[in-house]
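> just coords:
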């Protein structure tokens with residue numbers, strides 16, 4: 001009988017240890033998950049003005065690094081034009097460094113039309129009002145910091 005009680009007691013201890021270990025792992029995962037999800041996020045409003053024609057769409061790309069600049073957007077949107085203006089809203093953007101490039105898709109074909117292999121046919125602009133030939137738009141000049149929970153960027157087309 002005593003051996004049976006000792007076996008039962010040992011089994012009980014192992015079960016309690018397993019429960020404590022599982023509880024510890026669960027709590028640790030909750031703490032880590034909360035820390036990761038508490039990264040500060042931003043609501044970014046991009047207000048585009050001085051659009052010459054109100055036809056079709058404004059298409060915008062947000063880029064998160066110099067390596068991705070004008071090649072692979074982090075986020076993208078399109079919006080209608082009203083009264084020579086357009087407003088695009090990006091939700092849940094993490095704080096950090098970004099650049100924006102946009103163009104007026106006048107024929108609504110989803111791409112910037114080019115002539116002579118390098119000259120844009122459609123109006124375009126970037127954050128910080130960076131201008132130049134489309135292939136020379138510079139990340140360093142266009143980048144900006146998102147560091148407020150609600151931020152607005154004006155861009156003139």
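Yes, it's here. Because the structure is predicted, anything quoted here is derived from the model rather than measured.

> Report the contact partners of the residue sitting nearest the centre point of the chain.
Nearest to the geometric centre of the chain sits residue 93, at 4.4 Å (Cα atoms, centre = their mean). By Cβ atoms under 8 Å, 6 or more residues apart in numbering, the residues touching residue 93 are 41-44, 62, 75, 146. Any C-beta I mention is one placed from the backbone N, CA and C, and that applies to glycine too.

> ok, it to residue 47 distance?
16 Å (Cβ to Cβ, to the nearest Å).

> Likewise for residue 73?
19 Å.

> Residue 140 too?
Taken as Cβ to Cβ, the span from residue 140 to residue 47 is 23 Å.

> These two: which is more packed in?
A side-by-side neighbour count of residue 140 and residue 47, using other Cβ atoms under 10 Å, places residue 47 first with 14 against 10.

> Show me what the helix or strand encompassing the more buried one pairs with in its sheet, parallel or antiparallel.
Take DSSP states H and E as the rule and residue 47 turns out to sit in strand 41-49. Here strand 41-49 has these sheet partners by DSSP bridges: strand 86-94 (antiparallel), strand 150-156 (parallel).

> Just checking the distance from the very next helix or strand once past the longest one to the centre of its chain.
Put plainly, it is strand 86-94. Under the assignment DSSP H and E, the closest C-terminal helix or strand after strand 86-94 is strand 96-105. The chain centre lies 11 Å from the centre of strand 96-105; the measure is Cα atoms, centre = their mean, to the nearest Å.

> State the paired neighbours of strand 96-105 in the sheet, together with their directions.
strand 57-63 (antiparallel), strand 124-126 (antiparallel), strand 144-146 (antiparallel).

> residue ranges with poor pLDDT in this structure?
Within the chain, the segments meeting pLDDT under 70 span 1-38, 133-136.

> quick check: domain ranges of it?
If you go by automatic domain parsing, the domain ranges for the chain are 1-38, 41-156.
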